[in-house]
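**Q** Please work out how this folds:
(one chain, ligands or ions: 3)
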Amino acid sequence: MPSLVVVGAQWGDEGKGKIVHLLGKNSDVIVRYQGGNNAGHTVVFDGKHFILHLIPSGILEPGKKGVIANGVVVDPAALKEEVAFLETRKIKVKGRLTVSTLAHVILPYHKYLDTIRETGDKSGVIGTTRKGIGPAYSDKVGRTGIRVVDFLEKPVFEELLDQNLTEKEPLLSRVKPISEIRKEIMATYDELRAFLAEYAADTSVQLAKAFESNKRVLFESAQGTMLDVDFGTFPYVTSSNPIAGGACNGSGVGPRHIDEVLGVIKAYTTRVGEGPFPTELFDETGVQLQTVGQEVGATTGRQRRCGWFDAVAVRHAVRVNGISKFALTKLDVLNGVKTIKICVAYDVDGKRVTDFPASRTAQAKAKPIYKNYKGFTGDLRSFKSYAKFPAEARAFVKALEDAIGAKCALVSMGKSRDETLVLDKKFSWLK
Ligand code: GDP
Ligand code: IMO
Ligand code: MG
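**A** Ligands and ions are numbered 1, 2, ... in the order given. Below you'll find the model as predicted:
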């Protein structure tokens, strides 16, 4: 019953799509367990380029099964579009993808509510993707949400839709009358219901059967630990639990079925949207990371904020996820940077802080305390083995391992699957 959870250890966009696709080769089932189409996971192979939002990246590997589990919030229209997009690119999805009947659906009013919040009073602005994620999860926890199983039963759906629209009318009427929103939803409802019915399944039962028959199950997290609703930089977070523990409640799998957790870690830090970012750079090095790293949001096209590697935040991620091994991505982007910095602690009001602080005031005030490392030069892709890497690059990787307390199992030095080196030959997933 081998299983592995792949989690982002920073603020998202660590390169999870690339790593999951690589590991997908040795997996039978790939599961998304939280988030929705706020995710943008880039996969590049054989000269092809894909960005996946809702469907697990492993679907790009022929023959593998994809699962959108109960913890995900599913926009039926966005899912239909993504399936159509993949099918035009000759990736067959039907018969390989299942969607949990327990997952909650995102409807147009969730997107309106997201946008109302984002365009209102500045103090409430999070910088969301405006895909309706937060409002859909609010409805789930508030027990007014509509699950896939409810969406599929027309009388139940219509009753719940009316309840929701009436409840939300005071806000929604700022956009348009709820009668119009209802009409808009019902215009595509029959088509979307017929579409979703073909994918809906009890995915917890499906996963139990997969474990029984010794299939290899890979869990693909979206977002990152610092965007986790419990452990991230609240309130500047997403509304779900990307952390490894989220894989259990987000897919209906017991903790004893989780064997390993792999963190995906970028060699520097990026963040999209508002919120504290202690190592953010506003100088030419920040611009260099942004341009060389092509740090542009895969979902919203927004420029990502860039900064040095933050070992305080990643140590926090190592702890809350139980990461022992990690995949290091985008090391190539640091090529030519003269001095590379790792933030090892924060200075908060003159005190040295080494555990990520919970207080928003402390997070906003935190000044990074850096250790400096000599940079390296050379196209890392030209080195055929890790031993041949520039000594400075290896010293930096070792420094990262020491600073966060986990071991580097894979090094990624380019977008494509081939541009990866395996450091830990015992990393079972690649066997
Ligand atoms: P995800 O959301 O964690 O899947 O990450 P994104 O796909 O949003 O962002 C990662 C970006 O970095 C994508 O454009 C990837 O193609 C790219 N990428 C991934 N690994 C590497 C790497 O090692 N080097 C470089 N230069 N780019 C990479
Ligand atoms: P992947 O899976 C980076 C950020 C948004 C915003 C906050 C809340 O590609 O790593 P939301 O729409 O979720 O309510 O927005 O979370 N965010 C991401 N940032 N990568 C992502 O996904 C993100 N998904 C959400 O920018 O700050
Ligand atoms: Mg992304």
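
**Q** who in the stretch 51-200 of the chain is up against ligand 2?
**A** By the rule C-beta under 6 Å from any ligand atom, the part of the stretch 51-200 of the chain lying against ligand 2 is 126, 127, 128, 129, 131, 133, 134. C-beta: built from backbone N, CA, C; applies to glycine.

**Q** mind running it again at 5 Å?
**A** 127, 128, 129, 133, 134 (C-beta under 5 Å from any ligand atom).

**Q** how about the residues you listed, which pair is most distant?
**A** By the measure C-beta to C-beta, 127 and 133 form the most distant pair in those, at 12.5 Å.

**Q** Who has more neighbours out of the two?
**A** Neighbours were counted for residue 127 and for residue 133 using other C-beta atoms under 10 Å; residue 133 has more, 26 against 15.

**Q** which ones are touching the more buried one?
**A** Listed by C-beta atoms under 8 Å, 6 or more residues apart in numbering, the contact partners of residue 133 are 35, 36, 38, 73, 106, 110, 114, 238, 239, 240.

**Q** Let's see the pLDDT reported for it.
**A** Residue 133 carries a pLDDT value of 98.

**Q** picking up where we left off before, in JSON lines, list the residues of the stretch 51-200 of the chain next to ligand 2 along with secondary structure and distance to ligand 1.
**A** Compiled in JSON lines, those are given as follows (DSSP: H, G, I helix; E, B strand; the rest coil; distance: C-beta to the nearest ligand atom, whole Å):
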{"residue": "127", "secondary structure": "coil", "distance to ligand 1": "16"}
{"residue": "128", "secondary structure": "coil", "distance to ligand 1": "16"}
{"residue": "129", "secondary structure": "coil", "distance to ligand 1": "12"}
{"residue": "133", "secondary structure": "helix", "distance to ligand 1": "15"}
{"residue": "134", "secondary structure": "helix", "distance to ligand 1": "19"}
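
**Q** now, among those, which is nearest to residue 147?
**A** Checking these one by one against residue 147 (C-beta to C-beta), the nearest turns out to be residue 133, at 16.0 Å.

**Q** For residue 37, see how far away that closest one is.
**A** 8 Å (C-beta to C-beta, to the nearest Å).

**Q** shared neighbours of those two, which are they?
**A** Common contacts of residue 133 and residue 37 (C-beta under 8 Å, 6+ apart): residue 106.

**Q** Residue 400: neighbouring residues, count only.
**A** If you count neighbours by other C-beta under 10 Å, residue 400 ends up with 22.

**Q** from what I can see it touches residue 341, true?
**A** No. Between residue 400 and residue 341 there is no contact under C-beta atoms under 8 Å: 11.6 Å.

**Q** Residues that sit against both of these two, list them.
**A** In contact with both residue 400 and residue 341: residue 309, using C-beta under 8 Å, 6+ apart.

**Q** so residue 137 sits in a helix?
**A** Yes. Remark: residue 137 belongs to a helix, assigned using DSSP: H, G, I helix; E, B strand; the rest coil.

**Q** hang on, the earlier thing: which residues do residue 127 and residue 133 both contact?
**A** Common contacts of residue 127 and residue 133 (C-beta under 8 Å, 6+ apart): none found.

**Q** For the stretch 1-150 of the chain, what lies in contact range of ligand 3?
**A** Within reach of ligand 3 by C-beta under 5 Å from the ion, the stretch 1-150 of the chain has these residues: 13, 40.

**Q** Those residues of the stretch 1-150 of the chain touching ligand 1, which are they?
**A** Residues of the stretch 1-150 of the chain lying near ligand 1 by C-beta under 5 Å from any ligand atom: 13, 14, 15, 16, 17, 18, 40, 41, 42.

**Q** list the contacts for residue 361?
**A** Neighbouring residues of residue 361 by C-beta under 8 Å, 6+ apart: there are none.
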